[in-house]
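Peer 1: Whatever this is, show me its structure:
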Amino acid sequence: MAATTEGEFATRDGTKLYTKTWKPESDATQAVLIFLHGFSDHINAYYDLFPTLSSSPFNIAVYGFDQRGWGRSCKKPADHGHTGPTSLVISDVHDFVLHVASLPEAQGKPLFLMGHSMGGGEALTYMLSTSLDFSNRPPISGLLLESPYIEMHSSGQPSFAKVQAGKLASMLLPRMQLKQKLDATYMSRSEKVRRDWIDDPLCHDTGTLEGLKGLLQRSADLSHLSHGRPLHGFTTKLSCPVWISFGTGDRVLSHVAAQQLFNVVDAPNKDKTLKLYPDAYHKLHAEPDGVGEQFAKAAGEWILAHVGKQAEEAQVGEPQSGQKAASGS
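Peer 2: Numbers count the residues shown, from 1 in each chain. Now for the predicted structure:
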C-alpha cells in the first residue's frame with residue numbers, strides 16, 4: 001500500500017491550498033503524476049485510483065491538491081467556488097507543477113500531468129497555451145485526460161441566451177455565489193458512488209459567476225480548437241504524448257467533442273491514444289463491474305510505457321562505450 005501525506009502549498013499570491021500525496025512505500029518510484037480534480041470535487045474523492053497507481057507494479061508517486069474554491073482548500077462556506085478568473089486558475093496549476101517539480105524526490109523522475117473533467121480541461125488549457133507566463137514550465141513526459149471538459153453533453157448544454165446573461169451578470173457581480181448542481185445520475189453506474197457524491201459536504205456544487213464564466217470560456221476555447229479553428233494564445237501542438245479516456249455512456253460531458261479534439265491535436269511522433277469505455281459514465285475511476293480497475297491499470301501501464309520510452313531515448317542519445325559525444329563546430 002502507498003504512504004499518504006497531507007500538507008499545504010502556497011501559490012504566488014500567498015494563498016495556501018490543501019495537498020495530498022500518495023507515494024510508493026519503497027524507493028522504487030518510477031514516475032511522478034500531478035492530478036487535477038473536477039468541478040465540485042476534491043482530491044480525496046477518487047477512491048482506489050491513487051492507491052493503485054502508487055502501489056506495485058506501477059510505483060507512481062501521485063501529487064494532488066484541492067483547487068482554490070474547492071475541497072479542503074476552503075476554510076469557510078464563503079470560500080466555496082471562489083476560483084477567480086481563468087488566469088488565476090491556470091496560474092495555480094502552474095504554481096503546483098513548479099512546486100512538485102522542485103521537490104527533491106521528484107528530481108530525475110519523469111513528470112506526468114493528469115486531469116479529470118474540469119481538471120482535464122484545465123490541463124489542456126495549460127498545455128496548449130502559448131502564454132509566456134508558462135515559458136518555465138518543466139518538461140512533461142505525458143498528459144492523461146479522464147472525461148475532459150471540452151463540451152457539455154448535448155442534453156445538458158445551456159442556451160445561448162443563458163450563457164450571455166451569465167457573462168453579463170459576472171461582470172456586475174463576479175463574486176456572487178451560485179449553486180450549479182450536477183445530476184448524479186450519470187456520474188457513475190454505482191449507486192454507492194452516486195450517493196457518496198450527493199452526501200459529501202465537500203462536493204458543494206457552488207460556483208461564483210466569475211468562476212463559472214471562466215469554466216464556460218475554457219470549454220468554448222477548447223471546443224473552438226476541436227473544430228480546427230485557430231485561436232489566439234493557443235496551439236494544437238502538444239509538447240508531449242497524450243492519452244484521452246472517456247465513457248460513451250457519459251451524459252455529463254461529450255465524448256464526441258473529446259474525440260474531435262483528439263483528432264485535431266498533434267503530439268510528438270504522433271504519440272496519442274484515445275480509449276473509449278463502452279457505456280461507461282463520467283467517473284471512470286469509480287465505475288463498477290471492474291471498469292474502474294481497468295481504467296487505473298490502463299493509465300498506469302500507459303505511464304510506465306512512456307517512462308520506458310524516455311529511458312530508451314536517453315540511452316540512444318548517450319555515446320557508446322569508448323566513444324566521445326559529437327560536439328558542434
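
Peer 1: got the residue ranges for the strands in this protein?
Peer 2: Assigned by DSSP state E, the strands in the chain fall at 3-10, 16-23, 31-36, 60-65, 111-116, 142-146, 177-179, 206-208, 242-247, 272-277.

Peer 1: Just list what the first one packs against, helices and strands only.
Peer 2: With contacts defined as 3 or more CB pairs under 8 Å, 6 or more residues apart in numbering; DSSP states H and E, strand 3-10 has these neighbours: strand 16-23, helix 86-102. Bear in mind the C-beta positions are built from the backbone N, C-alpha and C, glycine included.

Peer 1: Please convert these to TSV, extending it with distance to residue 267.
Peer 2: Shown next, in TSV, are the helices and strands packed on strand 3-10 (distance: least, CB to CB, whole Å):
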stretch	distance to residue 267
strand 16-23	27
helix 86-102	19
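
Peer 1: about what we covered before: select, out of the strands of the chain, the one closest to residue 71.
Peer 2: Of all those, strand 16-23 sits nearest to residue 71, with 6.3 Å by CB to CB.

Peer 1: So in that sheet, which strands flank that closest one, and in what orientation?
Peer 2: strand 3-10 (antiparallel), strand 60-65 (antiparallel) (DSSP bridges).

Peer 1: Give me whichever of those is most buried.
Peer 2: Ranked by mean neighbour count, these are led by strand 60-65 with a mean of 26 (mean count of other CB atoms under 10 Å).

Peer 1: who touches that strand?
Peer 2: By CB atoms under 8 Å, 6 or more residues apart in numbering, the surrounding residues in contact with strand 60-65 are 2, 9, 17-24, 29-37, 43, 50, 53-54, 73, 96, 100, 105-106, 109, 112, 300, 303-304.

Peer 1: quick revisit: need the strands paired with strand 16-23 in TSV (columns: mean pLDDT and distance to residue 147).
Peer 2: As requested, these are exported to TSV (pLDDT from 0 to 100; distance: least, CB to CB, whole Å):
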stretch	mean pLDDT	distance to residue 147
strand 3-10	96	24
strand 60-65	98	17
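
Peer 1: Dump the ones you listed to a markdown table, plus distance to residue 200.
Peer 2: Output for those, formatted as a markdown table (distance: least, CB to CB, whole Å):
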| stretch | distance to residue 200 |
| --- | --- |
| strand 3-10 | 17 |
| strand 60-65 | 16 |
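
Peer 1: Which one, of those strands, ends up nearest to residue 181?
Peer 2: strand 60-65 (24.1 Å).

Peer 1: Restricted to buried residues, select the contacts of strand 60-65 in PyMOL.
Peer 2: In PyMOL, this line selects whichever of the contacts of strand 60-65 come out buried by 16 or more other CB atoms under 10 Å:
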select buried, resi 2+9+17+18+19+20+21+22+23+24+29+30+31+32+33+34+35+36+37+43+50+53+54+73+96+100+106+109+112+300+303+304
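
Peer 1: so what's the residue nearest to residue 85 when sequence neighbours are not counted scoring on pLDDT?
Peer 2: Leaving out its chain neighbours, the residue that sits closest to residue 85 by CB to CB, 6 or more residues apart in numbering is residue 214, at 5.1 Å. Per-residue pLDDT puts residue 214 at 94.

Peer 1: And residue 214, how close does it get to residue 23?
Peer 2: When distance is defined by CB to CB, to the nearest Å, residue 214 is 32 Å away from residue 23.

Peer 1: just for the stretch 101-250 of the chain, where's the confidence low?
Peer 2: The stretch 101-250 of the chain contains residues with pLDDT under 70 at 155-174.

Peer 1: hey, where'd the helices end up in the stretch 51-200 of the chain?
Peer 2: Secondary structure of the stretch 51-200 of the chain (DSSP state H, counting those that start in this stretch): helices at 86-102, 118-128, 160-172, 191-199.

Peer 1: Select, out of those, the one closest to residue 226.
Peer 2: Here helix 118-128 is closest among the helices of the stretch 51-200 of the chain (CB to CB), at 10.1 Å.

Peer 1: List the contacts of residue 83.
Peer 2: Counted by CB under 8 Å, 6+ apart, residue 83 has contacts 67-70, 89, 207-208, 210-211, 214.

Peer 1: just those now: which is nearest residue 178?
Peer 2: For the contacts of residue 83, the nearest to residue 178 is residue 207 (5.7 Å; CB to CB).

Peer 1: And the lengthiest helix in the chain, what does it pack against?
Peer 2: For the chain, the helix with the greatest residue count under DSSP state H is helix 291-317. Contact here means 3+ CB pairs under 8 Å, 6+ apart; on that basis helix 291-317 packs against strand 31-36, helix 49-53, strand 60-65, strand 111-116, strand 142-146, strand 242-247, strand 272-277.
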